[in-house]
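*Asks:* Below is the sequence, then the predicted model.
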Amino acid sequence: MSTVTSLWAGVPGTVSATVRELGGRRVVLVRIDPARRRGALDAGAGATLAAAADVALDARLPLVGVVASSGADVNDGVAALHGWGSAARAFARCSGVVPILLAVTGPTLSGPALLLGMADVVVMTADASAYVVGPAAVQSFTGEHVTPEALGGASTHGRLSGVAAAVVDDESTALDLLVAVLGHLPDHCDAEPPHWPTDDPVDRPTPEAGTVLPDSSTGSYDVRDVARAVVDEGEILELAGGWAPNLVTAFATVGGRPVGIVANQPLALAGSIDIPASQKGARFVSLCDAFNVPLITLVDTSGFFPGKDREWRGMIRHGAQLVGAYGRATVPRVCVVLRKAYGGAYIVMDSKTMGNDVCLAWPRAELAVMGARQAAEVLHRRDDPEVRAAKEAEYAESLLNPWRAAERGYVDSVIDPADTRSAVAAALEMLRSKRERLPDRAHDNLPL
């Protein structure tokens, strides 16, 4: 029978906090009760949230929350704002030290909504919503009428904003999913992730991985099928599947060891990288790096998705987020180039020059500045079509193959797709003792 320890039990209010077992793991569990003043946070409630985060930090235990709050308690005035501020600061201190996992089960407004952006993983129930500025204020300022669901409903955050890693039916399912996520993470940043029992041999052949690729270099396929072929029992736990679907981020295990998977998804935007994909990938890479989870990157991308609108929205800044996340990651990193790896997007997707430990490639991999047709059009645009066609074939034959990259040390090994699981497992085993220390500094100043 597990022991439950209440924190600040004598302080009445909307927030309760306990140290208890959840899914067999000790966690600090905080709960905002929407039945009491719609979950409004007064100064005492904010102090309880802060105390829970401080205990999680000091005891090196995951911080798990069930959240539904109407915001700061108007009746408590400015003291309520300071209470929320102390909780936000305590959450910031926990970030990267202990996992912060939140389940949103109802309307969550204003300051408490910002706490969701500080969490590592957020799961929302279908009837939940979250926004910093509500519909009434939106209409007052802009004249636009918008419903709470359209402004910040669970589907909005699951598809458009990326706040919700998943949308589920109810609180129980949300907590089950957070337990599953926690199963891939350690209690704190100085510990190793838990080991999973498995009967799946690490040297199991994976011929099905190669057959997923279509004959045409422009054909689509589901990269998750490749991931499932490589990992234990064919099971992946995908996060943020509804947001930026052109990039897949998921937890899995290989040889019983948790891993994080980042993969271009040809089914959406041909696997190219846009602003949401860069943000999604950067966030997940940082999460894995913070908690000692090795990274497997599956590459099949034609480049960054072009467009005036994307450049105006900050493709440079946001694209650099993924660059920075990989560039500072110190966990074991294994990359497999499945098919296309073009231009800057190839470099971003954990190439050797970004600090990748082991880079593998399938025989059909194409590592180049651009595709053969585009190269011929650029280099021979004044020639007749027959010459361009010949040059295109020559370019594809001489440069668009993984052996040229291997000759220059950019690829460590060209492997048969059927050997992918065993090669990845061997690389991860070799890297188990990897220890890398970044230069001492307060923090970097890469784009957020």
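*Replies:* Happy to help now that I have it.
*Asks:* so what's Gly271 closest to, chain neighbours aside?
*Replies:* In space, Gly271 comes closest to Asn264 once its chain neighbours are excluded; the distance is 3.6 Å by C-beta to C-beta, 6 or more residues apart in numbering. C-beta: built from backbone N, CA, C; applies to glycine.
*Asks:* count of residues packed around the one you found?
*Replies:* By other C-beta atoms under 10 Å, the residues close to Asn264 number 28.
*Asks:* Would you confirm that it contacts Phe305?
*Replies:* No: the criterion here is C-beta atoms under 8 Å, and Asn264 misses it with Phe305 at 11.4 Å.
*Asks:* Now do the shared contacts for the two.
*Replies:* Residues touching both Asn264 and Phe305 (C-beta atoms under 8 Å, 6 or more residues apart in numbering): 246, 272-273.
*Asks:* where does the nearest residue to Leu431 once chain neighbours are set aside land on pLDDT?
*Replies:* Counting by C-beta to C-beta, 6+ apart, the nearest residue to Leu431 once its immediate chain neighbours are dropped is Pro332, at 3.6 Å. For Pro332, the pLDDT comes out at 97.
*Asks:* Pull up the gap between Pro332 and Gly307, please.
*Replies:* With the distance defined as C-beta to C-beta, to the nearest Å, Pro332 ends up 35 Å from Gly307.
*Asks:* What of Ile273?
*Replies:* From Ile273 over to Gly307 the distance is 12 Å, taken as C-beta to C-beta.
*Asks:* need the contact list for Pro34.
*Replies:* For Pro34, the contact set (C-beta under 8 Å, 6+ apart) comprises 14, 68-70, 105-107.
*Asks:* Then Glu208?
*Replies:* If you count contacts by C-beta under 8 Å, 6+ apart, Glu208 has them with 225, 229.
*Asks:* For it, what is the enclosing helix or strand?
*Replies:* helix 207-211 (DSSP states H and E).
*Asks:* same check, this time on Gly106
*Replies:* strand 100-109.
*Asks:* For the helix or strand following that strand, the averaged confidence score.
*Replies:* Scanning forward in sequence from strand 100-109 by DSSP H and E, the next helix or strand is helix 110-117. Model confidence over helix 110-117, given as mean pLDDT, is 90.
*Asks:* Report the angle between helix 110-117 and strand 100-109.
*Replies:* Angular relation of helix 110-117 and strand 100-109 on a 0 to 180 degree scale: 150 degrees, by axes from the mean of the first three to the mean of the last three C-alpha atoms, to 10 degrees.
*Asks:* Alpha carbons of helix 110-117, in CSV - could you do that?
*Replies:* Coordinates of each C-alpha in helix 110-117 appear next as CSV, following Å, rounded to 0.1, in the frame of the first residue of the first chain:
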residue,chain,number,x,y,z
SER,A,110,-5.0,33.6,-17.9
GLY,A,111,-1.9,33.0,-15.7
PRO,A,112,-2.6,29.3,-15.0
ALA,A,113,-2.8,28.7,-18.8
LEU,A,114,0.7,29.9,-19.1
LEU,A,115,1.8,27.1,-16.8
LEU,A,116,0.9,24.7,-19.6
GLY,A,117,3.5,26.3,-21.8
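*Asks:* Name the residues that touch that helix?
*Replies:* Applying C-beta under 8 Å, 6+ apart, the external contacts of helix 110-117 come out as 32, 39, 41, 65, 67, 69-72, 81, 84-85, 87-88, 91, 102, 104, 108, 122, 130-134, 152, 163.
*Asks:* Just these: which are in strands?
*Replies:* Using DSSP state E, 32, 65, 67, 69, 102, 104, 108, 122, 130-131 are the members of these that sit in strands.
*Asks:* Make JSON lines from these and add distance to Asp350 and neighbour count to it.
*Replies:* Putting the ones in strands among the contacts of helix 110-117 into JSON lines (distance: C-beta to C-beta, whole Å; neighbours: other C-beta atoms under 10 Å) gives the following:
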{"residue": "Ile32", "distance to Asp350": "38", "neighbour count": "28"}
{"residue": "Gly65", "distance to Asp350": "32", "neighbour count": "27"}
{"residue": "Val67", "distance to Asp350": "34", "neighbour count": "26"}
{"residue": "Ser69", "distance to Asp350": "38", "neighbour count": "30"}
{"residue": "Leu102", "distance to Asp350": "28", "neighbour count": "27"}
{"residue": "Val104", "distance to Asp350": "32", "neighbour count": "31"}
{"residue": "Thr108", "distance to Asp350": "35", "neighbour count": "29"}
{"residue": "Val122", "distance to Asp350": "25", "neighbour count": "30"}
{"residue": "Ala130", "distance to Asp350": "32", "neighbour count": "31"}
{"residue": "Tyr131", "distance to Asp350": "35", "neighbour count": "22"}
